[in-house]
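Chemist: For reference, the sequence and a predicted model appear below.
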Amino acid sequence: MSAPEHPTTTTSGPEWAPDSWQALEAAQQVEYPDAGELRRVLEELRELPPLVTSWEVLALREQVAEAQRGERFLLQGGDCAESFAECTSPVITNRLKVLLQMSLTLVHGLQLPVVRIGRFAGQYAKPRSSPLETRDGVSLPSYRGDLVNAPAFTAAARAPDPQRLLQGHAHSSLTMNFVRALVDGGFADLHHPEYWDLSWVEHSPLANDFHRLAEGIGRSVRFMETISGQRAGNVRRVDFYTSHEALHLHYEQALTRQVPRQEGWFNLSTHFPWIGMRTTELDGAHVEYFRGIRNPIGIKVGPAMQEAHLQALLNVLNPGREHGRIVLIHRMGAAQIGSRLPALIRAAQDCESPVLWVCDPMHGNTETTGSGIKTRRFRNIMSEMEQAFDVHSANDSRLGGVHLELTGENVTECTGGARDLGEKDLERSYKSTVDPRLNYEQALELAMLIVRKYNQAFE
Ligand code: PEP
Ligand code: CO
């Protein structure tokens, strides 16, 4: 088998190397007390096998290019922050179940193939708004994700530990291995959507809707098989890609590799790394690092981003105007999307740079309750999603995907949704160490809303 043809260069301008970012200011990095230990860990990491292959990365680029042409819809979802402790069979399978159910809902409702990307197998590093967290007069370093330190509020837990980089790689590969085995082994088989049932939602009204849809698809598959006399082979498996915020540049560098018979460099810690909102400085280390890798990349676009900044990012990160390279993930908040997004859409159009626009309706809608709990209202998430479709349509553009924080666990972290969770419910089952996630019902409800809205927008 030979790899498909792809443009081979992403860089232009000054010489790039996997470590050229080190000459620049790097936001959100970690001060390790023992530089020697960090160096030894990174040497070890550089020798370990990668988590993904260049073939898969290039195949995803093809899918992103198709989505840019309106031939696919992108679904990206998972935890805000994965944790080593939750690298367990039920957590991984439940998350996969939700993503599969959502993607089936989207494929069926939009009549389009879906690009499936998990925020998993490496989503272990978090940007923080403050380097310190203070509780009852005690200040400690903020929790920066399991790749760096631990969430407990003690000096020992919060001390950055380089060994965690190796543990992060190991947990990513355990997750990846299990996801691959599930997906390849028939877990995603359309003949058996009952494999994806989550026990805790047995009595949900949404579960009934979903079952009707899944049964309808199952009947169609069997009908096709009866007519053709053949088993529909490729409905047994689906493509699943991984993604994380490529924040910890030493870690990313150690997994940036060259491969035989391919030009350039690939980040092989994940298929789809993205640049977070806090690390998009043009002369910063993250943009420098991303400039030289051949992966498709995401860029978070917040309400403060100026049009000229976005255009400069597109120039630096995709000078060749290659298809399948850039995904712009806007995260404006329900209150700001209407006023901020149109100018940014026009700015990208003026650049004539192919981009895929994806809506993250989570991060602009975070708020803190009176009792200090971080939450998001489902109503605002839904509103941002609906407005996103409308704003793109009104500006001669197309919304091509959604980026969500969700889990298959029965958590109560976002308010509202099918069971109309209130502030009191947040105390019941709040597990996220960073941002509040949609639970299964809220996620599926959102998928159904996307189908309704998409079909209105493109009627
Ligand atoms: C995130 O996706 O968890 C995140 C921190 O997002 P943003 O960079 O958009 O704030
Ligand atoms: Co988050």
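Modeler: Okay, I see it. Ligands and ions are numbered 1, 2, ... in the order given.
Chemist: Please make it C-alpha for all contacts and neighbour counts, starting now.
Modeler: Noted.
Chemist: low-confidence ranges in the stretch 201-350 of the chain?
Modeler: Counting by pLDDT under 70, the stretch 201-350 of the chain has low-confidence residues at 201-205, 221, 224-225, 230-238.
Chemist: quick one, strands of the stretch 201-350 of the chain?
Modeler: Ranges of strands in the stretch 201-350 of the chain, per DSSP state E, counting those that start in this stretch, are 241-245, 256-257, 266-267, 272-275, 297-301, 326-330.
Chemist: any idea which of those is most buried?
Modeler: strand 266-267 (a mean of 28; mean count of other Cα atoms under 10 Å).
Chemist: can you give me the offset of that one from its chain's centre?
Modeler: 17 Å (Cα atoms, centre = their mean, to the nearest Å).
Chemist: hmm, who's touching that strand?
Modeler: Strand 266-267 has contacts (Cα atoms under 8 Å, 6 or more residues apart in numbering) with 54, 252-253, 255-258, 273, 293-295.
Chemist: Can you add distance to residue 438 and give the strands of the stretch 201-350 of the chain back as TSV?
Modeler: Formatted as TSV, the strands of the stretch 201-350 of the chain follow (distance: least, Cα to Cα, whole Å):
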stretch	distance to residue 438
strand 241-245	18
strand 256-257	32
strand 266-267	29
strand 272-275	21
strand 297-301	20
strand 326-330	18
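Chemist: Of these, which is nearest residue 192?
Modeler: strand 241-245 (21.5 Å; Cα to Cα).
Chemist: Who are the packing partners of the closest one?
Modeler: Judged by 3 or more Cα pairs under 8 Å, 6 or more residues apart in numbering; DSSP states H and E, the packing partners of strand 241-245 are strand 114-119, strand 272-275.
Chemist: I'd like to know how far the residue in the stretch 1-150 of the chain that ligand 2 sits nearest to sits from residue 432.
Modeler: Residue nearest to ligand 2 within the stretch 1-150 of the chain: residue 80 (4.1 Å; Cα to the ion). Distance, residue 80 to residue 432, by Cα to Cα, to the nearest Å: 8 Å.
Chemist: more crowded one of those two?
Modeler: Neighbour comparison, residue 80 and residue 432: the larger count goes to residue 80, with 26 against 18 (by other Cα atoms under 10 Å).
Chemist: Roughly how far does that one sit from residue 240?
Modeler: Counting by Cα to Cα - residue 80 and residue 240 are separated by 18 Å.
Chemist: tell me the secondary structure for residue 371?
Modeler: Per DSSP: H, G, I helix; E, B strand; the rest coil, the secondary structure class of residue 371 is coil.
Chemist: Quick check: pLDDT value at it.
Modeler: You'll see residue 371 listed with a pLDDT of 89.
Chemist: related to what we said a few turns ago, the helices and strands packed on strand 241-245: which one's closest to residue 18?
Modeler: Residue 18 lies closest to strand 272-275 among those, at 14.7 Å (Cα to Cα).
Chemist: which outside residues touch the closest one?
Modeler: Strand 272-275 has contacts (Cα under 8 Å, 6+ apart) with 57, 241-247, 267, 286-287, 295-300.
Chemist: Would you mind extracting the C-alpha trace of it into PDB?
Modeler: Extracted in PDB, the C-alpha atoms of strand 272-275 (Å, rounded to 0.1, in the frame of the first residue of the first chain):
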ATOM      1  CA  PHE A 272      -4.600  16.400  15.900                       C
ATOM      2  CA  PRO A 273      -2.900  18.800  18.300                       C
ATOM      3  CA  TRP A 274      -4.400  22.200  18.900                       C
ATOM      4  CA  ILE A 275      -3.100  25.600  20.100                       C
END
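Chemist: you'd agree residue 411 is up against residue 430?
Modeler: Yes. Under the criterion of Cα atoms under 8 Å, residue 411 makes contact with residue 430 at 5.8 Å.
Chemist: Looking at these two, which has the bigger crowd around it?
Modeler: Shown here are residue 411 and residue 430; by other Cα under 10 Å, residue 411 has more neighbours (21 against 18).
Chemist: Quick check: nearest residue in space to the more buried one, chain neighbours excluded?
Modeler: Distance criterion Cα to Cα, 6 or more residues apart in numbering; nearest residue to residue 411, sequence neighbours excluded, is residue 429 at 5.0 Å.
Chemist: The one you found touches residue 413, doesn't it?
Modeler: Yes. Between residue 429 and residue 413 a contact is recorded at 7.3 Å, counting by Cα under 8 Å.
Chemist: Comparing those two, which shows the higher neighbour count?
Modeler: Neighbour tally, residue 429 and residue 413, criterion other Cα under 10 Å: the higher count belongs to residue 413, 28 against 12.
Chemist: Which ones, among the contacts of strand 272-275, also lie beside ligand 1?
Modeler: Residues of the contacts of strand 272-275 in contact with ligand 1 (Cα under 6 Å from any ligand atom): residue 300.
Chemist: can you list the residues of the protein near ligand 1?
Modeler: So the chain meets ligand 1 at 80, 127, 276-278, 300, 363 (Cα under 6 Å from any ligand atom).
Chemist: Tell me the buried residues within those.
Modeler: Taking 16 or more other Cα atoms under 10 Å as the criterion, what is buried in those is 80, 127, 276-278, 300, 363.
Chemist: what's the closest of the residues you listed to ligand 2?
Modeler: Among these, and counting by Cα to the ion, the member closest to ligand 2 is residue 80, at 4.1 Å.
Chemist: Look up how far residue 187 lies from the closest one.
Modeler: Counting by Cα to Cα - residue 80 and residue 187 are separated by 25 Å.
Chemist: likewise residue 25?
Modeler: From residue 25 across to residue 187, the span is 45 Å (Cα to Cα).
Chemist: Give me the more crowded residue out of the two.
Modeler: Using other Cα under 10 Å, the more surrounded residue of residue 25 and residue 187 is residue 187, with 23 against 13.
Chemist: Roughly how far does that one sit from residue 150?
Modeler: Taking Cα to Cα, one finds residue 187 at 33 Å from residue 150.
Chemist: cool, and residue 226?
Modeler: Taking Cα to Cα, one finds residue 226 at 54 Å from residue 150.
Chemist: Looking at those two, which is more packed in?
Modeler: Each of residue 226 and residue 150 has its neighbours counted (other Cα under 10 Å); residue 150 has more, 23 against 12.
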